[in-house]
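Participant: give the three-dimensional model of this entry:
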Amino acid sequence: MKKRSMASSSGNNDEDLTIPRAAINKIIKEILPNIRVANDAREMVVNCCTEFIHLLSSEANEICNKSDKKTISPEHTIQALESLGFGSYITEVKGVLQECKTVALERRKANSRLEKLGIPEEELLRQQQELFAKARQQQTELAQQEWLEVQQAAQQAQLAAVTSNRAGSSQDEEEDEDA
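Facilitator: Down below sits the predicted model:
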């Protein structure tokens, strides 16, 4: 099997550029489920796909460079199809592009934690406010409890001081009577 080699844009050694054979086999099975395709025919399809992608991406890159952009956009690829004589595929390509955008948007939504919960955002906000209110109430009750404990400790200290003064006064009186 001969693979296309091409120097990468970063100047590294040549790399083998090809589409994975398993991906092509899967596509062939999906498109032609009841037809046997010989291995050399599959290999030819892989080579043709690789060559087509190389041709299309090179043309899209030129269009991108002419428009002073650094990233090839779908529009550059569509223009490349047109300039290479594949204009009849543009409608289908635009449909596939729209499908891809829809799938990507759905994936982003599905990955959103809010979407996974299945609870509307308004309900989550209400629950959050409820939790904050409950936490504030608990903090207030805790502060009141601490204040009460401090007051009780102060009263006990004051009572102990009064009791100790009385006990001290009683002893002084007893000593005075003994003398």
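
Participant: tell me the buried residues in stretch 52-60?
Facilitator: 59, 60 (16 or more other CB atoms under 10 Å). All C-beta spots, glycine's among them, are computed from the backbone N, C-alpha and C.

Participant: any idea of the mean pLDDT in whichever helix in the chain runs longest?
Facilitator: Using DSSP state H, we find that the single longest helix of the chain is helix 121-178. Computed over helix 121-178, the mean pLDDT rounds to 85.

Participant: who does it touch, helix- and strand-wise?
Facilitator: Helices and strands touching helix 121-178, by 3 or more CB pairs under 8 Å, 6 or more residues apart in numbering; DSSP states H and E, are helix 113-117.

Participant: so for the helix it packs on, mean pLDDT?
Facilitator: Per-residue scores along helix 113-117 average to 66.

Participant: hang on, isn't residue 80 packed against residue 59?
Facilitator: Yes: at 3.8 Å, residue 80 counts as touching residue 59 under the criterion of CB atoms under 8 Å.

Participant: centre of the chain to the longest helix of the chain, how far?
Facilitator: Computed by CA atoms, centre = their mean, to the nearest Å, the separation of helix 121-178 from the middle of its chain amounts to 49 Å.
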